[in-house]
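Chemist: Pasted the sequence and its predicted model underneath.
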Amino acid sequence: MKNRISISDAIWSFIGVTEELLALNYKPGYKPWHIMEIRGSFIYFISVAGISFVAALFQMFAGVHPGTIIVPFALNLTVTIMAWCIYRMKKNLEDVTVLSFCTSSLFAISVISTRYIYAVQLGWNVALISYNISVLCITLVIINLFLYNRRIYRTVFFIILVNWIIFLVVAYLSEAEMLVKIVDGKVIHEGFNLLREIFVMIIMVFITIAVYMNIPIIEAYEEKTVQQQKIIEEYNTFLSMKVEEKTRELHNELKERKNAESILRKFSAAVQHSPASICITDRAGRIEYINPRFAEMTGYSLEEVRGRKPEEFLNRSLLQNEIKMIIDVIKNGGKWTGELKNIKKSGEEYWELASISSIKDENNRITNYIAVEEDISLRKAIEDELKVNQIKLQERNQIIEKEISIAEIVQRTLLRADSGNWKRFKMDFRQKCVEKIGGDFFTVKSAGSDDISVFIGDISGHGVASSLFISLLKFITDDLFARYRTGPEEYIKALNRSISGYMSSYFLTGIYSFIFYNEAEDTFRLKFSNGAHPSPVIVRADGEVEILQSHGSLIGLMENVEYRTYEHTLNHGDRIFLFTDGLPEMTDHLSGQPVGFGDELKSIFSHSTTTDMGTVLDRIIEKLDMINGSDSYEDDLLIVGISLI
C-alpha cells in the first residue's frame, strides 16, 4: 500500500498537480484569491486537455472517421494552449479577462460545432445520441468554478442554451426523429429523446443556480480570508517592528557596553601607569586598591595594606581633629586638597600633595573614596632652600639699595658741582632716570664771570656701572678743563684718548661747549665740538628756534679720531639748550614715530624768553610726558638750559 501511494504521489508530482493544489511553488505576496484563481486556471487547463484527448481517443475506438474527429480536436487543442497561457499569466499576477473570455467562448463553440459536424457526417440520430449534453454542463461548471468569472459563465451559458434551441429547431426541420419515450414495450428507440434533453438542461440550470448560490459564500470566505490575512500582516509588521526595535536596543546596549569596557580598560591602564599614587578605600576608609606607583612611593604592597586605614601607617603625623576635618569634607561629597607629611615603610618621611574625594553610584550614594597623591618632597626641599636664599637675597638687596642711594647722592653732587649763578649767565637742568642712577651727566666750569664751559655726556646703559664711569669721567673732564678750556676740539680729542682703553664694552657721546662774552662787540661767542651727540638748540631772544647742526664720532671707541670745532655768535637774551638722546629718540605714543631733529623738536623748545629757565625746563618735561603718554621713560634724559644775560 505504501509503495502504491508513493508511486501515485510521484506521478502527480511529475505532472505538477501536487505543487499547484498545495500552493508549494507560489511567490511571496500572493493574496488568497490569487491562489484560488491560479489553482482554478490550472485545473481548467487539466480538465480541458483531459476531455479533449479522452473524447478523441474514444471516438477513434468507436470507429468514427478521423476527418470527423480532427476539427473538434484542433479546436480543443487550441483551447488547451490558451488555458495554459491563462494559468501562466495568472501566476504572474497579470490581467487575463479578455483571454479567459476568448478561451471559454472558443471552447463553447468547439462543443457546439462538434454536434453540427456529427449531424453532417453521421446523421442527426447519431449526433443527437452520441454527444451527451451533460458534457456541456460539466464544462460550464468547470468554467464557472475555476475561472471564477460570472460574466464569462453567463455569456457561454446563453450561447449554448440558444444554440441548443436552434439545434432542436434545425433537427426538427430536417425531419430528425424525435421521441418522448426511450422504451416503448420491447422496442428501444434511437433518435432524439426530448425528455432526456430537457432533463439535462434542467440539471444544468440547477447546477448553475447552485454555482451562483456558492459564489457569495466563496466571496465571503475570500473577504474573511483577506481580513485575516490583513490582521496577520499587521501583526507580522508589529512583530517585525518590535523585533527590530528590540534588536536595535540590544545592539545599542551592546555597543554602549563595549564602549564602557573600552573606556574602563583605558582608565585601568591610565591608573596602572599613572605617575601619581592612587589609593581607593571603601566607605569605612579601609584600603581596597593601590596602583604600582603607591607601592613604589610608600614601600607597601597591596597585600600589606588591604583592609587597613591609611592613617594607621602612613599619616601618623596627622592629628585627630585634622583627620576628622578631612573625613567630614569628603563624606559630604566635597573634595579635599592639601599637603600631607607621611612615613614610608622604611621610616623615611616624605611630603605629598593629596587630593581626596568620593566615588558615587548612579543613585548619588557614596560607595568608595579615592586619593590621588604626588610626591613633592623635592619641591618642598627646594622651597625651603628658596626661602633661605630669599632671606639672604633680601639682605643683599638692602645693602645694594643702600649703596645705590649713596651712589645716587654722589652722582647728584657731581652734577651740581660748580653750578650756580654767574654775572652773564643763568643755568638750570632737569634729569629723568630710568633707574635710580642714570648714565647721563654734565659738568660746568668757569675761569671768570665772562665765560662758562659745559660738557654733557651720555654713557651707553644705566645703573651702577654707568655711575662708576661717571665718577671716572668727572675726574678726567676736570683735568682736561685746566688744559683745553678754550679749545673744544682739543678737549674732545684728549677725552677720546684718555678713555679709549677703559670702555671696551661701553661708549660715550658728548658735547664740550665754551661760551664767552665779547665786550668790544657786546656779543657772545659759542664754540663747541660734537662727539656723536645730539646737536645744541638755540632759542633767540625774539623766540626763533634754531638747531645748530653738527656731527662727530663716538668717544672712546677708537684712539685716533678727528673732531672739529663749530662757532656761532649769540646775543643778549638768547638761550642755549644741551640734551641727551633720550629726547629725540622718544616715541610719540599716538603716532608711534620718534621726536627726531625736525619741527617737532623745535616746537618742544619753543617758548617765551621772558620766562625763567626753571619754568621753561618744567614745561618742556610736561610736553615730553604728553608725547610719551606717561612720566616713565624708556631711556635716561638730561636737559641743560643756559640763558645769556
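Modeler: Thanks, I have the structure now.

Chemist: contacts, neighbours, all on C-alpha from now
Modeler: Fine.

Chemist: Local confidence estimate at the residue lying closest to residue 331 once chain neighbours are set aside?
Modeler: Counting by C-alpha to C-alpha, 6 or more residues apart in numbering, the nearest residue to residue 331 once its immediate chain neighbours are dropped is residue 358, at 7.2 Å. If you check residue 358, the pLDDT there is 90.

Chemist: What's the local residue count around residue 358?
Modeler: With neighbours defined by other C-alpha atoms under 10 Å, the count for residue 358 comes to 23.

Chemist: From residue 287, how far off is it?
Modeler: 14 Å (C-alpha to C-alpha, to the nearest Å).

Chemist: what does residue 593 give?
Modeler: In terms of C-alpha to C-alpha, residue 593 sits 70 Å off from residue 287.

Chemist: hmm, back to that, residue contacts, the residue nearest to residue 331?
Modeler: Each residue near residue 358 by C-alpha atoms under 8 Å, 6 or more residues apart in numbering is listed here: 330, 331, 333, 334, 335, 366, 367, 368, 369, 370.

Chemist: Residue 593 and residue 287: which is more packed in?
Modeler: residue 287 (21 against 11).

Chemist: roughly how far apart are the closest residue to the more buried one other than its chain neighbours and residue 331?
Modeler: Of all residues not flanking residue 287 in the chain, residue 281 sits nearest, at 4.1 Å (C-alpha to C-alpha, 6+ apart). From residue 281 across to residue 331, the span is 13 Å (C-alpha to C-alpha).

Chemist: Residue 577 too?
Modeler: 78 Å.

Chemist: of the two, who's got more company?
Modeler: residue 577 (20 against 15).

Chemist: That one: what secondary structure?
Modeler: With DSSP: H, G, I helix; E, B strand; the rest coil as the basis, residue 577 sits in strand.

Chemist: Kindly state the pLDDT recorded for residue 179?
Modeler: For residue 179, the model assigns a pLDDT of 63.

Chemist: If you could redo that for residue 587, that was the one I meant.
Modeler: For residue 587, pLDDT reads 90.

Chemist: picking that back up, among the contacts of residue 358, which one lies nearest to residue 300?
Modeler: residue 370 (17.4 Å; C-alpha to C-alpha).

Chemist: Report the beta-bridge partners for that closest one.
Modeler: Here residue 370 sits in beta bridges with residue 280, residue 357, as judged by DSSP bridges.

Chemist: Show the contacting residues for it.
Modeler: Per C-alpha under 8 Å, 6+ apart, neighbours of residue 370: 278, 279, 280, 281, 356, 357, 358, 359.

Chemist: can you check residue 301 too?
Modeler: residue 295.

Chemist: ok, it to residue 356 distance?
Modeler: Counting by C-alpha to C-alpha - residue 301 and residue 356 are separated by 21 Å.

Chemist: hey, where'd the strands end up in the stretch 151-300 of the chain?
Modeler: 178-179, 183-184, 187-188, 192-193, 277-281, 287-290 (DSSP state E, counting those that start in this stretch).

Chemist: hmm, back to that, and which of the contacts of residue 358 is nearest residue 538?
Modeler: Using C-alpha to C-alpha, the contacts of residue 358 come closest to residue 538 at residue 335, 73.9 Å.

Chemist: Hmm, the closest one is touching residue 357, no?
Modeler: Yes: using C-alpha atoms under 8 Å, residue 335 makes contact with residue 357 at a distance of 4.6 Å.

Chemist: Hmm, residue 108 and residue 76 touching each other?
Modeler: No: using C-alpha under 8 Å, residue 76 is not in contact with residue 108; the gap is 9.8 Å.

Chemist: where does the stretch 101-250 of the chain have low pLDDT?
Modeler: By pLDDT under 70, the weakly predicted segments of the stretch 101-250 of the chain are 115, 118, 121-157, 160, 176-201, 203-204, 206-223, 225-226, 229.

Chemist: do that again at 80, thanks
Modeler: Applying pLDDT under 80 to the stretch 101-250 of the chain flags the ranges 101, 103-230, 232-233.

Chemist: So which residue is smack in the middle of this structure?
Modeler: Centre of the chain computed as the mean C-alpha position; nearest residue by C-alpha atoms, centre = their mean is residue 259, 19.6 Å away.

Chemist: Please give me every residue in contact with residue 428.
Modeler: Applying C-alpha under 8 Å, 6+ apart, the residues contacting residue 428 are 613, 614, 640, 641, 642.

Chemist: for those residues, which one is nearest residue 374?
Modeler: residue 640 (62.9 Å).

Chemist: quick one: residue 261 from residue 255, how far?
Modeler: Distance from residue 261 to residue 255, by C-alpha to C-alpha: 10 Å.

Chemist: I should have written residue 423 there, sorry.
Modeler: 102 Å.

Chemist: Same check on residue 205?
Modeler: If you go by C-alpha to C-alpha, the gap between residue 205 and residue 255 works out to 72 Å.

Chemist: What ranges does the stretch 451-600 of the chain have for its helices?
Modeler: When assigned using DSSP state H, counting those that start in this stretch, the helices of the stretch 451-600 of the chain occupy the ranges 464-484, 488-499, 599-605.

Chemist: and the last one, C-alpha only, in PDB?
Modeler: By that I understand helix 599-605. Extracted in PDB, the C-alpha atoms of helix 599-605 (Å, rounded to 0.1, in the frame of the first residue of the first chain):
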ATOM      1  CA  ASP A 599      60.000 120.700  13.600                       C
ATOM      2  CA  GLU A 600      58.600 118.700  16.500                       C
ATOM      3  CA  LEU A 601      61.900 119.100  18.300                       C
ATOM      4  CA  LYS A 602      61.700 122.900  17.700                       C
ATOM      5  CA  SER A 603      58.200 123.100  19.000                       C
ATOM      6  CA  ILE A 604      59.200 121.400  22.200                       C
ATOM      7  CA  PHE A 605      61.800 124.100  22.900                       C
END
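
Chemist: Could you list the residues in contact with the helix or strand following that helix?
Modeler: Per DSSP states H and E, the first helix or strand lying C-terminal to helix 599-605 is helix 613-628. Defining contact as C-alpha under 8 Å, 6+ apart, one finds that helix 613-628 is touched by 426-430, 583, 586-590, 604-605, 607, 631, 639, 641-643.

Chemist: No more questions from me, cheers.
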